[in-house]
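**Student:** okay, sequence plus prediction incoming.
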Amino acid sequence: MLAAGGRRPIGWGVTGFLLLLALLGPLLVLGKFQTLLLAYVWAFAIAIVGLNLLTGFTGQISLGNSAFMAIGGYVTALLVTRQGWSPLATIPVAAGLATVGGILLGIPALKLRGLYLGLATFALAISSPTLIRHFDTLTGGSQGIYISGAGKDPFGLVESGQLTAEQWLYYLGLVILVLFFLFTRSLLRSDVGRALRSIRDGETVAVANGVSLTYYKTLAFAISALFAGVGGSLDAMATSYVGPDSFDVTIALALFVGAAIGGLGTQWGPIPGALFVVYSPIYAQQIFKGRPDIVYGVLLILIMYVMPQGAVGGFYRLLGLRGRLRRQVVAVPELAVASPLGPAAVGAEDAPREAP
Amino acid sequence: MATELLLAASVQGVVQQIVFGIATGGLYASLALALVLIYQAMETLNFAQGEMATFTTFIAWSLLTYLHLPFWLVFPVTIVLAFLFGVLIERVVIRPVEHAPVLTLVLITLGLFAIFNGLSGLIWGYVVRPFPSPFPTTPIFIAGVGLSYQDLGLIGVSAVVLVLIWLFFSRTRLGLMMRSAALYPQMSRLLGVRVGWMLALGWGLSAAVGAVSGMMVAPITVLDPGLMQSVLLYAFTAAVLGGIDSPIGAVAGGVTVGVLLALVGTYVPHAEDLRLVFGFLVIIGVLVLRPGGLFGRAHVERV
């Protein structure tokens, strides 16, 4: 955490100031559209915090978290439209079912490492839309589900006009994001966090030190799926629609790109990452007439060249705080080169590939 | 009598599906082989393999449509272009991160995935286009089994590609150099092999093989920027099934996946649209039960 230690590039003061800005923004300066976009940012940030816990801190690559977002989104859509639930009340159910999905994926994932896990989860991301289409009586097939009243709150704030639907979704997302962020932060500071990091930095060593891979990996999968489910639920509310392609492989990539661009294994990374993921397609569209992917891909590659630890890592480096970065990102510096998240990512001459 | 007929018909039907499965399986095998070629050289999966193939297939489509060149001229020209294109990508994009950790490489190839998907859409649009088949689609009957020239042609093309690749790696000096560069980079460098260029050559070959796959898939389906995404998943399935570091495994895996998908799609009720899910389940199943695949070696890690 940034506030810890002697030097504070962003102390509590700056954090508080940013939070205050975020709280007042929609009321003072932001228009409807910007408020809604930021509601998307919070939804994605929640999902990326979860993915970052799984990939950045536990070292398990997942390209399939879009599937858990889909679970969350569809649970919300179905409960609101078919059962008449209040959207807010669907969030715990969305979270719960997504967690079940995460545990189910986590079980086979226990046996997979690195690239293979990425491959298997990528396959999940590609195949999940066809699964949604297949069970069309439940999911509405290719038509998807329009959610009327998705922006309503149970307290009547929107109906009485005290808040717009966008503002309600904005604050809902922000509150959940802050709660999940704080939860993740304290989790990572506890011995659970140390266990997760030790798995990332070397599984064999972790096992030798008594860390149960089964328990902690499944835990990381479950938490990341829970967060993704909540993110998907919020995304569905903001869009008022879910369809098979709402959470396809592009979203899976967006989550991963967001985590990487913000900085895998950094606590603040998910926020710039989510901003990037939501805003870059919009600006790219203005430059490239409807083809955001190209800018997206080029930026991703450039960022991998210039600052492989993402925005937050690059920020520390700019401030000359490499020691802090190492402490935060890589627990065991000697393992840095072998770790998939090592700092010597680009142009490293000192890391010859081993003969297979 | 009636039951006998039914039985005969169904046996012929099964044979027909198997031949069709081998034909499509050959295409999966080609793309899987492209993946394996890159995996062998740098131990990463190229997530952009399918999109690169789609891009080159669009180039072939343009040559066919705007220059009105005959297919069998466009075919080799596209393969050569794809080869140069692959080499160029390695030199420009991959070279700076050659020794980077797997995660960085995966992210780079995901970036390439987005770029090529976007480029195909930007240049050629998201309109679905027919792609001419080089083979007549008329059926022929062998021993009462209805087959199409197209299926047989696809099997022939895949077989030729696979044999050529095998000959290249086992019988030529350059192939030997590439293998040694992949297995023992430092030793090969000492012996005068230009390891970096061998890697570029691997990317070139891989792009060329992928282009063949794309030009053969497009006539069966239709051409759009999403052409190879499902094929990529089946190719991943094939590569995992065969063992991700084994070219022969990729071929066997591809054919197996093709046949299984054809049979599942035809004979399991309501399963036609779940083929992608089936691919996912096979990947998970193989990785959990036999991580080395059918032909690969199990991975041993040194601490």
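**Tutor:** It's in.

**Student:** every contact and neighbour count from this point should use C-alpha atoms.
**Tutor:** Noted.

**Student:** quick one: residues contacting residue 226.
**Tutor:** If you meant another chain, say so; for now it's chain A. A:G50, A:F68, A:A95, A:G96, A:A98, A:T99, A:G102 (C-alpha atoms under 8 Å, 6 or more residues apart in numbering or on different chains).

**Student:** hm, I was asking about chain B
**Tutor:** B:E51, B:T54, B:N117.

**Student:** in TSV: the contacts of A:L226, plus neighbour count.
**Tutor:** TSV is the format used below for the contacts of A:L226 (neighbours: other C-alpha atoms under 10 Å in any protein chain shown):
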residue	neighbour count
A:G50	30
A:F68	33
A:A95	29
A:G96	19
A:A98	31
A:T99	26
A:G102	26
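
**Student:** tell me which residues of stretch B:173-191 are tucked away?
**Tutor:** B:G175, B:M177, B:M178, B:R179, B:S180, B:A181, B:A182, B:L183, B:P185, B:Q186, B:S188 (16 or more other C-alpha atoms under 10 Å in any protein chain shown).

**Student:** next one: stretch A:109-126
**Tutor:** Buried-residue list, stretch A:109-126, by 16+ other C-alpha under 10 Å: A:109-110, A:112, A:115-126.

**Student:** can you narrow the residues you listed to ones near chain B?
**Tutor:** Residues of the buried residues of stretch A:109-126 in contact with chain B (C-alpha under 8 Å from any C-alpha of the partner chain): A:L112, A:L115, A:Y116, A:L119, A:A120, A:A123, A:L124, A:I126.

**Student:** could I get the full set of helices for the stretch 251-356 of chain A?
**Tutor:** Ranges of helices in the stretch 251-356 of chain A, per DSSP state H, counting those that start in this stretch, are A:270-288, A:292-306, A:310-318, A:322-329.

**Student:** ok, and what's touching the second one?
**Tutor:** Among residues not part of helix A:292-306, those counted as contacts by C-alpha under 8 Å, 6+ apart are A:257, A:261, A:280-285, A:310, A:346, B:96-97, B:104, B:107-108, B:110-119.

**Student:** hey, C-alpha coordinates of it in CSV?
**Tutor:** Taking Å, rounded to 0.1, in the frame of the first residue of the first chain, the C-alpha atoms of helix A:292-306 are listed here in CSV:
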residue,chain,number,x,y,z
PRO,A,292,-10.7,0.7,-31.4
ASP,A,293,-9.0,-2.7,-31.3
ILE,A,294,-6.0,-1.4,-33.3
VAL,A,295,-5.1,1.4,-30.9
TYR,A,296,-5.9,-1.0,-28.1
GLY,A,297,-3.4,-3.5,-29.4
VAL,A,298,-0.7,-1.0,-30.3
LEU,A,299,-0.9,0.6,-26.9
LEU,A,300,-0.8,-2.8,-25.2
ILE,A,301,2.4,-3.7,-27.0
LEU,A,302,4.0,-0.3,-26.5
ILE,A,303,3.3,-0.4,-22.8
MET,A,304,4.8,-3.9,-22.6
TYR,A,305,8.0,-2.4,-24.1
VAL,A,306,8.2,0.8,-22.2
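
**Student:** which residues does stretch B:136-147 contact?
**Tutor:** By C-alpha under 8 Å, 6+ apart, the list of residues contacting stretch B:136-147 from outside reads B:Q12, B:G13, B:V15, B:Q16, B:V19, B:S148, B:Y149, B:Q150.

**Student:** so for the nearest residue to B:L119 once chain neighbours are set aside, what's the pLDDT?
**Tutor:** Spatial nearest neighbour of B:L119, excluding adjacent residues (C-alpha to C-alpha, 6 or more residues apart in numbering or on different chains): A:I294 at 6.7 Å. You'll see A:I294 listed with a pLDDT of 80.

**Student:** next: A:A3.
**Tutor:** pLDDT for A:A3: 42.

**Student:** again, but for B:P70
**Tutor:** pLDDT at B:P70 comes out at 88.

**Student:** next, count neighbours for it.
**Tutor:** 12 (other C-alpha atoms under 10 Å in any protein chain shown).

**Student:** distance-wise, check the closest residue to it other than its chain neighbours relative to B:F131.
**Tutor:** Nearest non-adjacent residue to B:P70, counting by C-alpha to C-alpha, 6+ apart: B:L64, 6.8 Å away. Per C-alpha to C-alpha, to the nearest Å, B:L64 is found 9 Å from B:F131.

**Student:** higher neighbour count, these two?
**Tutor:** Between B:L64 and B:F131, counted using other C-alpha under 10 Å, B:F131 has the larger neighbour count: 22 against 18.

**Student:** mind checking which helix or strand the nearest residue to that one once chain neighbours are set aside is in?
**Tutor:** Sequence neighbours aside, B:P219 is the residue nearest to B:F131 in space, at 4.9 Å (criterion: C-alpha to C-alpha, 6+ apart). Counting by DSSP states H and E, the element that carries B:P219 is helix B:195-220.

**Student:** does chain A sit close to the helix or strand that that helix is followed by?
**Tutor:** Using DSSP H and E, the helix or strand that follows helix B:195-220 towards the C-terminus is helix B:229-242. Yes: Helix B:229-242 is in contact with chain A by C-alpha under 8 Å from any C-alpha, via B:S230, B:L233, B:F236.

**Student:** now do stretch B:267-276
**Tutor:** Yes: against chain A, stretch B:267-276 shows contacts by C-alpha under 8 Å from any C-alpha at B:D273, B:L274, B:L276.

**Student:** okay, strands next: where are they in chain A?
**Tutor:** With DSSP state E, the ranges of strands along chain A come out as A:145-146, A:241-242.
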